[in-house]
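Peer 1: I would like to see how this sequence folds:
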Amino acid sequence: MPDNMQTIYIWIVLAPLIGSIIAGLFGKKVGRAGAHWVTIIGVGVSCVLSIIVFKHMVFDGADPFNGSVYTWLVSDGVKFEIGFLIDKLSAMMMVVVTFVSLMVHIYTIGYMHGDPGYQRFFSYISLFTFSMLMLVMSNNFMQLFFGWEAVGLISYLLIGFWFKKETAIYANMKAFLVNRVGDFGFLLGIAGVLMYFGTLDYATVFANTDSVVGKTIQIIPGSDWSVLTLICICLFIGAMGKSAQVPLHVWLPDSMEGPTPISALIHAATMVTAGIYMVARMSPLFELSETALSFVIVIGAITALFMGLLGLVQNDIKRVVAYSTLSQLGYMTVALGASAYAAGIFHLMTHAFFKALLFLAAGSVIIAMHHEQDMRKMGGLRKYMPITWITSLIGSLALIGAPGFAGFFSKDSIIEAVGLSTIPGSGFAYFAVLGGVFVTALYSFRMYFLVFHGKERMDEHTRSHLHEPSWVVTVPLILLAIPSVIIGFIFVSDMSFGNFFGDAIKVLPQHDVLGQLAENYHGPFGMILHSLVTWPFWLALAGVATAWFLYMKRPDIPGMIQDKLKFVHKVLDNKYYVDRFNEIVFAGGSRFLGKLLWQNGDVRVIDGVIINGSAKTVGWIAGIVRRLQTGYLYNYAFAMIFGLLFLLGVFVLA
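Peer 2: Residues are numbered from 1 along each chain as shown. Model prediction:
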């Protein structure tokens, strides 16, 4: 490996970090323009270098690079290192992360214009990019955990960026606490890897899986657990937190309290994709535990269908897109559980582009509507915002998997792969992902029709000021719309049905559902033609038609349905009461336990017995001793005589 490539790897992570430090520490000196230029240049450099690395790996056929940058510490013979693993999987992730982040940086100039925390915001999002790059480029579990925790920390700062807003502070604390639950499992998984493999290096762990296969551990006496199953499930619990899988999904919709650019960055290319990427990277471990794969596919299926249903009742434009993220993450997770890792990562890539597009388009609408986010107060924006309208249409078509668009190739690959899977739970997963197609089309085009078509429902003042935002908002929309159309067509043959990722992803022959599909694959055009006679196409078409009929042709019907199905609507509107359950059981239980320990432990035992009790005991003893120390000679003479007589008595009796 040429030394200049290793230098490039280092600069890919350092460039956003340097921009973040300058904007964060010297924001007042460099000013607003300086802050956005230094971070945009940093991420831009990282993006260009990532594209060079991608070309080097994919088109030039370079061998993967796995090397250490430096050793942080050595403990009991175990090395904790900072190092890079650059193969086609990490190279693709680097391009996705840096390109979407660059678009978000440019867009932020327009969206955050006039915000008092302008420099701070640019510093945070650049640091977020650095953290995600450290995660995807890592070659060991220690560095993976560093990036994992760093994106969690920065997301906390960004979701609560408007820290004077009470709902934002509630949302960032919720995200932080929920992710701590997942990260506890993740840390246990890493500890299990270190305990049984004796190393944190990916390559060494993957090369020695045979030494752990068959080993068991007794967590509950008398019950044997497979070590690999336990490690994989613990690692996936971490992914459930980061990638917002049921029941650790509750933080993601509330992350909408942060500014729209960070919603796009979290939901499209960074934090939520970390869990999907991690499981794909750990495929050599997960492939050896069918129990873990079954757990993954069932959790993903529940998330894909039931989180999509929640998007049907949302009226906040950003929350509709947020619930679509939850559902699409479920699709990716289902692919991982079906051992169709390549299809899951392919959908991660296509989703990053069209989801960032949808979020930034929603932000464009919010700017034009003077920060109004209720879709019931919009309508007819097509004639005022033509660029936002057409790019939103492209993003929506990609999201529902319309034939030819990016999301079609990746989503249909997942659905077909799950249909062939024999992993326990795959039957339910197939039903869930098929049902999710109709639901996705319905809520996506409900949003599209309510916002851009039909009757104008905004007030006269807002209508008179409606216009397309500046070029710093529209240019990123156009640049994201292009891959949302073509990226799937370009890469479907290699990523879903070829050997694009090589040895980066391992699939056992009995789990190779994508290999079975490849036998009947006849190119992207053939896939498009074949889709016209499949369930996903007709379900998506039915969803769009239903949305048009309910919200354009007969807008009175949704209200009638809501009246007829009040209980169902109430359950969906309250998000299955999961938040309420968490508030009562976990938050309320924690407060009750804390109060109980405070009253009985702190007040009565520690304060009452140990501190105040010991003080009273000392005072009581001091009171007795004080009476013996009178200062009178006759008292001391009497004591001496009494003592002498006592000793003589003892001597005589003895």
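
Peer 1: please count neighbours and contacts with C-alpha atoms only from this point.
Peer 2: OK.

Peer 1: am I right that Tyr577 is in contact with His569?
Peer 2: No - counting by Cα atoms under 8 Å, no contact exists between Tyr577 and His569, whose distance comes to 12.0 Å.

Peer 1: settle it for me: which of the two has more neighbours?
Peer 2: Legend: neighbour count by other Cα atoms under 10 Å for Tyr577 and His569, higher for His569 (18 against 13).

Peer 1: which residue, other than its chain neighbours, is closest to that one?
Peer 2: Distances taken as Cα to Cα, 6 or more residues apart in numbering put Gln562 closest to His569, at 6.3 Å, once the chain neighbours are dropped.

Peer 1: that neighbour sits in which helix or strand?
Peer 2: Per DSSP states H and E: Gln562 is located in helix 557-564.

Peer 1: CA atoms of that helix as PDB?
Peer 2: Provided in PDB are the C-alpha atoms of helix 557-564 (Å, rounded to 0.1, in the frame of the first residue of the first chain):
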ATOM      1  CA  ILE A 557     -63.100  10.600   4.300                       C
ATOM      2  CA  PRO A 558     -60.000  10.600   6.500                       C
ATOM      3  CA  GLY A 559     -62.000  12.500   9.200                       C
ATOM      4  CA  MET A 560     -64.800   9.900   8.900                       C
ATOM      5  CA  ILE A 561     -62.400   7.100   9.200                       C
ATOM      6  CA  GLN A 562     -60.900   8.700  12.300                       C
ATOM      7  CA  ASP A 563     -64.300   9.000  13.900                       C
ATOM      8  CA  LYS A 564     -65.100   5.300  13.100                       C
END
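
Peer 1: any idea of the mean pLDDT for the helix or strand just after it?
Peer 2: Counting by DSSP H and E, the element after helix 557-564 in chain order, helix or strand, is helix 566-573. In this model, helix 566-573 has a mean pLDDT of 93.

Peer 1: got the residue ranges for the helices in the stretch 301-450 of the chain?
Peer 2: Per DSSP state H, counting those that start in this stretch, the stretch 301-450 of the chain has helices spanning 317-337, 341-368, 386-400, 406-420, 426-452. These are given in chain order.

Peer 1: out of these, which is closest to Thr98?
Peer 2: Comparison of these against Thr98 by Cα to Cα identifies helix 341-368 as nearest, at 11.1 Å.

Peer 1: so which elements touch the closest one?
Peer 2: Under the contact criterion of 3 or more Cα pairs under 8 Å, 6 or more residues apart in numbering; DSSP states H and E, the helices and strands touching helix 341-368 comprise helix 88-111, helix 260-268, helix 271-281, helix 317-337, helix 386-400, helix 406-420, helix 471-495.

Peer 1: point out the most buried one among these.
Peer 2: Highest mean neighbour count of those: helix 317-337, a mean of 29 (counted as mean count of other Cα atoms under 10 Å).

Peer 1: coming back round to it: quick check: which of the helices of the stretch 301-450 of the chain is nearest to Leu466?
Peer 2: helix 341-368 (5.6 Å).

Peer 1: quick one: mean pLDDT over that closest one.
Peer 2: Throughout helix 341-368, pLDDT has a mean value of 95.

Peer 1: with stretch 103-123 instead?
Peer 2: 92.

Peer 1: part of a helix, is Ile219?
Peer 2: No - Ile219: not assigned to a helix; according to DSSP: H, G, I helix; E, B strand; the rest coil it is strand.

Peer 1: give me the distance between the helix holding Gln562 and the centre of its chain.
Peer 2: Using Cα atoms, centre = their mean, to the nearest Å, we find the averaged C-alpha position of helix 557-564 to lie 35 Å away from the chain's own average C-alpha position.

Peer 1: is Arg32 in a helix, a strand, or coil?
Peer 2: If you use three-state DSSP, then Arg32 falls in the helix class.

Peer 1: spatially central residue in this protein, please.
Peer 2: Most central in the chain under Cα atoms, centre = their mean is Val272, positioned 2.3 Å from the mean C-alpha point.

Peer 1: my read: that residue touches Ile266, true?
Peer 2: Yes - between Val272 and Ile266 a contact is recorded at 6.3 Å, counting by Cα under 8 Å.

Peer 1: in the longest helix belonging to the chain, which residues are buried?
Peer 2: Across the chain, the longest stretch assigned as helix under DSSP state H is helix 166-197. Across helix 166-197, burial judged by 16 or more other Cα atoms under 10 Å covers 167-176, 178-180, 182-183, 185-194, 196-197.

Peer 1: other residues contacting the helix or strand following it?
Peer 2: Remark: after helix 166-197, the chain's next helix or strand is helix 202-207, criterion DSSP H and E. With contact meaning Cα atoms under 8 Å, 6 or more residues apart in numbering, helix 202-207 is reached by 139-141, 193, 197, 199, 284-285.

Peer 1: what number of residues lie near Gly77?
Peer 2: The local packing count at Gly77 equals 9, with neighbours defined by other Cα under 10 Å.

Peer 1: can you tell me how far Ile86 is from Met93?
Peer 2: Plainly put, Ile86 is 10 Å away from Met93 if you go by Cα to Cα, to the nearest Å.

Peer 1: before we move on, what about Asp579?
Peer 2: Noted for Asp579: a distance of 33 Å to Met93, by Cα to Cα.

Peer 1: test my guess that Lys355 contacts Gly395.
Peer 2: Yes - taking Cα under 8 Å as the contact criterion, Lys355 and Gly395 are neighbours in contact, 7.0 Å apart.

Peer 1: closest to Cys47 out of the helices of the stretch 301-450 of the chain?
Peer 2: helix 341-368 (14.6 Å).

Peer 1: gap between the closest one and the chain center?
Peer 2: Averaging C-alpha positions (Cα atoms, centre = their mean) puts helix 341-368 14 Å from its chain's average.

Peer 1: so His113 lies in a strand, does it not?
Peer 2: No - per three-state DSSP, His113 lies outside any strand segment and is coil.

Peer 1: tell me, how many residues neighbour it?
Peer 2: Under the criterion other Cα under 10 Å, the count of neighbours that His113 has is 11.

Peer 1: contact partners for it?
Peer 2: If you count contacts by Cα under 8 Å, 6+ apart, then His113 has nothing around it.

Peer 1: make TSV from the helices of the stretch 301-450 of the chain and add distance to Lys28 to it.
Peer 2: Formatted as TSV, those follow (distance: least, Cα to Cα, whole Å):
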stretch	distance to Lys28
helix 317-337	32
helix 341-368	26
helix 386-400	34
helix 406-420	42
helix 426-452	39
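
Peer 1: show me the one of those helices that comes nearest Phe130.
Peer 2: When these are compared for distance to Phe130 using Cα to Cα, the nearest one is helix 341-368, at 17.3 Å.
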